[in-house]
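[1] Build me a model from this:
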Amino acid sequence: MEILEYFSCRDPAHWLDEIGRCDWEAGRFLHELLLENRFRALCGESAKVLLLTEGDRLVSFCGYEEQDDIRRPDMKPWAGFVYTFPEYRGKRRMGKLLERAYALARDDGYDALYISTNEDGLYEKYGFTFLQMMQDFHGHDSRVYRRAIEHMDYSGIIGRTVCGTVDRPLGSAHPRHPEMIYPLNYGYVDGVCAGDGAEQDVYIFGTDMPLRTFSGQVVAVLHRLNDCEDKWIVSVDGKVPGRDEILQRIAFQEQYFMGELYM
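    Next up, the predicted model:
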């Protein structure tokens, strides 16, 4: 899957047609705004439309906006028009777009990302916290959620040499999801507890062989935004894999979570 931005993608007409397949009222309104070139007039000149795609099909979309249906200049940015097509629901695909919106908010220097919705119990799964009920510009009540922007410091972890146990070697199946096969070794650091109270989990790079134990250097940390534990990236051959390589190789599991990689 790939994330595109509507205003900078190569074929906006195709993706506009894909948005037009949506039967949700707000989605149809977004289609209208884009078709009539009014989206940025309503949502801000720097507003974006994020598209999660699979081939030529649209999986999910959402806006990254200076203002949404709640008009509060002291509250921005917003993730608006959040939608996943029915055939792709149940796998938290929307989390990847919210992850991108979060990263944009962080890079733009904001301290939080907001969502206005009628949903109750949905956005908590993505690390958002209910803030308060507010009225939108139509005078309707809306639930407003907030996700604080975090700035983590892993300087005391990255570069550390660690050793531990591999409980899910390369080529093995996930114990609860047998369809998930591990494309790399996955284990834990002996004697180090993570946020969930269990040993610290690690993805192991630098070998194409299944391992039972490991010793290597922490080269990065994946901070999960909607979970209580981080994942350490350990290299056992002394080489530091690139950001894209790390994200691609751990996507088999991390696609179901929101996170950001610190290197």
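
[2] Strands of the stretch 1-150 of the chain, start to end?
    2-5, 48-54, 57-65, 78-84, 112-117, 129-135, 141-148 (DSSP state E, counting those that start in this stretch).

[3] Pull up the pairing partners for the shortest one, direction included.
    To tie it back to what came earlier, the one meant is strand 2-5. strand 48-54 (antiparallel) (DSSP bridges).

[4] average pLDDT for the strand it pairs with?
    Looking at strand 48-54 alone, the average pLDDT works out to 97.

[5] Export it to CSV, keeping only CA atoms.
    As requested, the backbone C-alpha atoms of strand 48-54 are provided in CSV (Å, rounded to 0.1, in the frame of the first residue of the first chain):
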residue,chain,number,x,y,z
LYS,A,48,-3.9,18.3,2.1
VAL,A,49,-5.9,15.2,1.2
LEU,A,50,-4.1,12.0,2.1
LEU,A,51,-4.9,8.9,0.1
LEU,A,52,-4.1,5.3,1.2
THR,A,53,-4.0,3.4,-2.1
GLU,A,54,-3.6,-0.2,-3.2
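
[6] what's the domain layout of the protein?
    Annotated domains of the chain cover 2-148, 161-262 [automatic domain parsing].

[7] With distance to residue 154 as extra columns, can I get those in CSV?
    C-beta coordinates here come from the backbone N, C-alpha and C atoms, glycine included. Output for the domains of the chain, formatted as CSV (distance: least, C-beta to C-beta, whole Å):
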stretch, distance to residue 154
domain 2-148, 15
domain 161-262, 5
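
[8] Mind putting these into TSV with mean neighbour count and distance to residue 155?
    Compiled in TSV, the domains of the chain are given as follows (neighbours: other C-beta atoms under 10 Å; distance: least, C-beta to C-beta, whole Å):
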stretch	mean neighbour count	distance to residue 155
domain 2-148	17	18
domain 161-262	16	9
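
[9] so which of the strands of the stretch 1-150 of the chain comes closest to residue 261?
    With C-beta to C-beta as the measure, strand 2-5 is the member of the strands of the stretch 1-150 of the chain nearest residue 261 (15.1 Å).

[10] can you list the residues that contact the closest one?
    With contact meaning C-beta atoms under 8 Å, 6 or more residues apart in numbering, strand 2-5 is reached by 15, 48-54, 96-97, 100.

[11] from those, which is closest to residue 190?
    residue 96 (32.5 Å).

[12] Was I right to think that closest one contacts residue 1?
    Yes. Residue 96 is in contact with residue 1 according to C-beta atoms under 8 Å; the separation is 7.2 Å.

[13] which neighbours do the two share?
    Contact criterion C-beta under 8 Å, 6+ apart; residues shared by residue 96 and residue 1: 52, 255.

[14] returning to what we had before: want to throw the strands of the stretch 1-150 of the chain into a markdown table with distance to residue 24?
    A markdown table is the format used below for those (distance: least, C-beta to C-beta, whole Å):
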| stretch | distance to residue 24 |
| --- | --- |
| strand 2-5 | 20 |
| strand 48-54 | 15 |
| strand 57-65 | 10 |
| strand 78-84 | 6 |
| strand 112-117 | 12 |
| strand 129-135 | 21 |
| strand 141-148 | 16 |
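
[15] now for the ones you listed, which one comes closest to residue 26?
    Closest to residue 26 of the strands of the stretch 1-150 of the chain, according to C-beta to C-beta: strand 78-84, at 5.7 Å.

[16] Residue 60 versus residue 141, what's the distance?
    Distance of residue 141 to residue 60, computed by C-beta to C-beta, to the nearest Å: 25 Å.

[17] One more: residue 122?
    Residue 122 is 13 Å from residue 60, by C-beta to C-beta.

[18] for this protein, what spans make up the helices?
    12-20, 25-35, 39-43, 94-107, 243-254 (DSSP state H).

[19] show me what contacts residue 233?
    202-203, 205, 218-222, 241, 246, 250, 261.

[20] Check residue 144 too.
    With C-beta under 8 Å, 6+ apart, residue 144 has these contacts: 70, 75, 114-116, 130-134.
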